[in-house]
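Colleague: I'll drop the sequence and a predicted model, then ask my questions.
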Amino acid sequence: MTTLLHDPVEQPSHYIGNGLEVINVIEDWRFGFHLGNAIKYILRAGKKSDAVEDLQKAQWYISRAAIYGWDVYEGDLEPHDIRKAFGISLVLTQAIAGIFAAAATGHEPALRIADRRIQVEINQLQFYDVEPA
């Protein structure tokens, strides 16, 4: 895997996984503003600011996507690739899978599932008062 170096403009460390960047995921799936920001906040949760706040922002963008819609497209990256690169929890991997399913099919129920999985992660973080995996 390629080692990515921190550059505050080109490659901020809070957006870098193990050989993969958040922008790679967003561009691979051609996510628009709302779903792209949801992915961004899920993958950077706890790396730049408070994890719960980041995940709540992801939920907010998911709700906006549900209101305003999104383009249907399917990328090559899979949720397990994202989990491996960013070390996110299984629950957040399931949220990513829901967003990917919505992006590929245009079905809003997949976004609601993603939102619920994010809420589970928020509840766990608040209960245990820890940062995400």
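Modeller: Here it is on my side, so go on. Numbering: from 1, shown residues only.

Colleague: Show me which positions of stretch 42-50 end up buried.
Modeller: By neighbour count with 16 or more other CB atoms under 10 Å, stretch 42-50 contains the buried residues 42, 43, 44, 45, 46, 47. In short, each C-beta sits where N, CA and C put it, glycine included.

Colleague: Then stretch 17-24?
Modeller: Neighbour-count burial for stretch 17-24, with 16+ other CB under 10 Å as criterion, is recorded at 17, 20, 21, 22, 23, 24.

Colleague: What is the burial count for residue 90?
Modeller: By other CB atoms under 10 Å, 12 other residues sit near residue 90.

Colleague: cool, residue 11 as well?
Modeller: Using other CB under 10 Å, residue 11 is surrounded by 13 other residues.

Colleague: Tell me the bridge partners for it.
Modeller: Note on residue 11: beta-bridge partners residue 7, judged by DSSP bridges.

Colleague: pLDDT score assigned to it?
Modeller: Note for residue 11: predicted pLDDT of 72.
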